[in-house]
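Student: turn this into a model:
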Amino acid sequence: MATQKSKSKKVLKSKPSLKNVAGKKTVANSSAAKTITAAELFSKSFTAKATINKNPFKLPELEKKLIEFNVKFPVSPKRILNTINKINPEGLLPVIKMPEDVKKSLQSIKPSTKRFHGAKLALTWFPFPMVASSCSDKFGYMSSLAVRNASKLPFNLTNQVLMGDLGDMMGNPGRETSPDSTIPAGYTYFGQFVDHDVTLDISSTIDAATDANTINNMRTPALDLDSLYGRGPGLDPFLYRFPSSGPDTAIKFQLGTNRNPGPLPGLTGGPGGTAGFGGMQIQTDFDVPRIHNPLNPSLSSNTAIIGDPRNDENLIVTQFHHAMLKFHNKVVDLLVVVGFTGDIFTEAKKIVTHHYQWAVVHDFLERVCGATAVANALAGVVAPVGSPFRMPVEFAVAAYRFGHSMIRDRYWVNFNFPGATLAQVFQFNRNPNLPVLTNWVVDFNAFFTTGVVVPVNNKARKIDSVLANGLESIPGGSGIMAILATRNLRRGLALGLPSGQAMATSFGITPMTTAQLTQGLPPDELAVLNSNSNLLLKKTPLWYYVLRESMVLQNGNQLGPVGAKIVADTFIRMLKRDANSFLNVTGTFTPMLPSVTAGDFTVADLVIFAGVTQP
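Tutor: Have a look, this model is predicted:
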């Protein structure tokens, strides 16, 4: 299916059947006993698409509801009204008609009772691949064995040393001479968040030749936000806040607290809004939940209580994870206000996930790959629902590692810290600076184009073969630039990745010439490429090729044709094979949450609706 960046992007596809996922089982509901399958229970908990409310709210009625439920949204009630009236309050499977044992379990798992033993919960609370997807827990290859065998560098000591020499050049301090890219810096860390949603390699080695097909992927490759939702409230209840009143299924995420390091009344931070520095507030809930020892706070580990510990690696990514927690919570508020009769948690998770997936494809990918590459992937990638899938290492170990070159040395974090170093971005996400200090809360208006004016709009560095000097100063980072580059290159060597030239040819793309590959490089890097009879110019490591391709052909502002195809095709394949992705809903999916452009939804729209861009 082809699609274009436009005012109203639409994707049409029939929703596939979810048959034979689980056996049948007879349960009782409030009206009569009926036989249902687990798959039916799963599918019935989702509305097929955003539909118009048959009894639309009027503005006075909505304003009254907002007061009644004590709900505040970061956008005006007039804008919320449009979204509210696109939600069908009649759930396909109303809670009142759920099986009796499920309804009773909703009561038993509340903190006041906390009885999970024997609980019967909706399968929709759990990660979709756990209950309805073919096994896809391995890495693999996108390229054919013939292409790899003909073009890969032999795994031997000589080539391991050569990868080290090239990595040293890529991590050589002082090589950052190019201006910033046109990409807002927030997408560097959004890309990191997305990576943590789809890949986790904990077992591969750089010290021996390895077949990628033997390596486990510990994340579900489905853009299903398992890094956010974990295994759901039925298995990971510590991530969630269960309602003490109101609908039983209005389950929200737990939020963390901030630590105020200053004298009373305290230090302000976060977004300042139109008032600038004076608009910043003393933040109280702008962090992820953390393990705290109230009897001896100095012994608190402050370990993040989140679905993936990698999302607590640095201040910016952990603050974005926090924004995603709030995003879900705001969607729950929407459904409560509209009086949704079905499973609110399930419906909120669906809305959050579909809008996130849309933003990945139509905002993030179109920025880093280009709209043409994304449209070609949507039109050309064939991946039936549930079809076999292995996360390609051409993506995970090469092309998608373009983000390493986009990291900046300094960031405008908020009005308190207009030139925070990369070292501080890591330092102020570690003890003794946790929970996140009130004056270090990130102002995301400087990282995404939200419409709120800030003195500096951080831009990512250009995609090129140079890593940020600031990496040297992060905790444990001495020499990390060269180490990181070398490890990436040696991992590609160990996994037998094809050369960049061979990958291009296999795609029908004209490979870059030697003159293009070497354009603008310093003499010492040229010497490495020319060594061993120009070996690296004939069989250029795929990661390095993708970075050079971006800089030479796209001025570092987006990926070149090989990198863009690998990245775009991989994401679209993941989405097409997932029965629950926004590409596979019945009829037309169009984002319905408040956005700057009707029918679209960007990462900027996400953080705005999450409420993290205003004081």
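Student: how many residues are close by the nearest residue to Phe327 once chain neighbours are set aside?
Tutor: Nearest residue to Phe327 in three dimensions, chain neighbours excluded: Ala610, at 4.1 Å (C-beta to C-beta, 6 or more residues apart in numbering). For the C-beta atoms, the positions are set from N, CA and C on the backbone; glycine is no exception. Residues within reach of Ala610, counting by other C-beta atoms under 10 Å, total 21.
Student: so Ala610 is in contact with His321, correct?
Tutor: No - using C-beta atoms under 8 Å, Ala610 is not in contact with His321; the gap is 11.1 Å.
Student: can I assume Pro615 is in contact with Gly270?
Tutor: Yes - Pro615 is within contact range of Gly270, at 7.0 Å (criterion: C-beta under 8 Å).
Student: which residues of the stretch 51-200 of the chain score low on pLDDT?
Tutor: Regions of the stretch 51-200 of the chain meeting the criterion pLDDT under 70 cover residues 51, 114, 117, 128-136, 176-177.
Student: which stretches of it form helices?
Tutor: 59-68, 77-84, 100-108, 128-132, 145-151, 157-170, 186-198 (DSSP state H, counting those that start in this stretch).
Student: Leu529: what's it in contact with?
Tutor: Leu166, Leu517, Thr518, Leu521, Leu536, Leu537 (C-beta atoms under 8 Å, 6 or more residues apart in numbering).
Student: repeat that for 7 Å
Tutor: Contacts for Leu529 (C-beta atoms under 7 Å, 6 or more residues apart in numbering) come out as Thr518, Leu536, Leu537.
Student: of those residues, grab the buried ones for ChimeraX.
Tutor: Restricted to buried positions by 16 or more other C-beta atoms under 10 Å, the ChimeraX selection for the contacts of Leu529 reads:
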select :518,536,537
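Student: which among the contacts of Leu529 gets closest to Gln554?
Tutor: Thr518 (17.2 Å; C-beta to C-beta).
Student: in contact with the closest one, which residues?
Tutor: Leu526, Leu529.
Student: redo that, cut-off 8 Å
Tutor: With C-beta under 8 Å, 6+ apart, Thr518 has these contacts: Leu526, Leu529, Leu537.
Student: all strands in the stretch 451-600 of the chain, in order from the N-terminus.
Tutor: 459-461, 588-589 (DSSP state E, counting those that start in this stretch).
Student: give me the contact list for stretch 447-457.
Tutor: 184-187, 189, 271-274, 316, 412, 415, 418, 443-446, 458, 596, 602-604, 607-608, 613-614.
Student: burial check on Glu100, number of neighbours?
Tutor: 13.
Student: so how far is Lys110 from it?
Tutor: 17 Å (C-beta to C-beta, to the nearest Å).
Student: ditto for Pro56
Tutor: For Pro56, the distance to Lys110 - C-beta to C-beta - is 33 Å.
Student: and Leu542, by the same measure?
Tutor: 51 Å.
Student: who's more crowded, these two?
Tutor: More neighbours surround Leu542 than the other of Leu542 and Lys110, with 31 against 15 (other C-beta under 10 Å).
Student: where does the more buried one land on pLDDT?
Tutor: Here, the pLDDT recorded for Leu542 equals 98.
Student: 779 is where my numbering starts, stick with that
Tutor: With the count now opening at 779, the last piece we talked about shows up as Leu1320.
Student: looks like it contacts Phe1180 (just checking).
Tutor: No - the pair Leu1320 and Phe1180 does not pass the contact test of C-beta under 8 Å, sitting 11.4 Å apart.
Student: and the residue nearest to Phe1055 when sequence neighbours are not counted, backbone torsions?
Tutor: Leaving aside its chain neighbours, Phe1055 sits nearest to Phe1193 (4.1 Å; criterion: C-beta to C-beta, 6+ apart). Backbone torsions of Phe1193, given as degrees, to the nearest 10, read phi -60, psi -20.
Student: ditto for the one 5 residues further on
Tutor: When quoted as degrees, to the nearest 10, the phi and psi of Ala1198 stand at phi -60, psi 130.
Student: check contacts around it.
Tutor: Applying C-beta under 8 Å, 6+ apart, the residues contacting Ala1198 are Arg1188, Tyr1189, Trp1190, Val1191.
Student: return the distance of the closest residue to Lys898 other than its chain neighbours relative to Phe1020.
Tutor: Among residues not flanking Lys898 along the chain, Asp879 sits closest, at 4.2 Å (C-beta to C-beta, 6+ apart). From Asp879 across to Phe1020, the span is 18 Å (C-beta to C-beta).
Student: looking at these two, which is more packed in?
Tutor: Each of Asp879 and Phe1020 has its neighbours counted (other C-beta under 10 Å); Phe1020 has more, 20 against 15.
Student: which stretches of the stretch 1029-1178 of the chain form strands?
Tutor: 1030-1031, 1169-1170.
Student: how many other residues sit next to Pro838?
Tutor: 9.
Student: same check on the one 4 residues further on?
Tutor: Counted by other C-beta under 10 Å, the residues lying close to Lys842 total 12.
Student: and it, what does it touch?
Tutor: Lys842 neighbours (C-beta under 8 Å, 6+ apart): none.
Student: and it, how far is that from Ser929?
Tutor: For Lys842, the distance to Ser929 - C-beta to C-beta - is 67 Å.
Student: distance between stretch 1060-1074 and the chain's centre?
Tutor: 24 Å (C-alpha atoms, centre = their mean, to the nearest Å).
Student: buried ones in it?
Tutor: Ile1060, Gln1061, Phe1064, Asp1065, Val1066, Pro1067, Arg1068, His1070.
Student: which residues in the stretch 1279-1393 of the chain form helices?
Tutor: 1292-1295, 1301-1316, 1320-1332, 1339-1355, 1381-1388.
Student: to Ile1084, which of these lies closest?
Tutor: Once the helices of the stretch 1279-1393 of the chain are compared by C-beta to C-beta, helix 1381-1388 is nearest, at 15.5 Å.
Student: identify the residues contacting the closest one?
Tutor: 851-853, 964-965, 968, 1098, 1101-1102, 1104-1105, 1108, 1133-1134, 1137, 1141-1142, 1222, 1226-1229, 1371-1374, 1391.
Student: to Arg1088, which of the strands of the stretch 1029-1178 of the chain lies closest?
Tutor: Nearest to Arg1088, of all those, is strand 1169-1170, at 15.9 Å by C-beta to C-beta.
Student: run me through the strand neighbours of that closest one, direction for each.
Tutor: Here strand 1169-1170 has these sheet partners by DSSP bridges: strand 917-918 (parallel).
Student: and the partner strand, how far out from the chain's middle?
Tutor: Distance, centroid of strand 917-918 to centroid of chain: 20 Å (C-alpha atoms, centre = their mean).
Student: same question for stretch 1000-1012.
Tutor: With C-alpha atoms, centre = their mean as the basis, stretch 1000-1012 stands 12 Å off its chain's centre.
Student: now that stretch: mean pLDDT?
Tutor: 95.
Student: would you mark the buried spots in that stretch?
Tutor: The neighbour-count check on stretch 1000-1012 (16+ other C-beta under 10 Å) flags Ala1000, Leu1001, Asp1002, Leu1003, Asp1004, Ser1005, Leu1006, Tyr1007, Gly1008, Gly1010, Pro1011, Gly1012 as buried.
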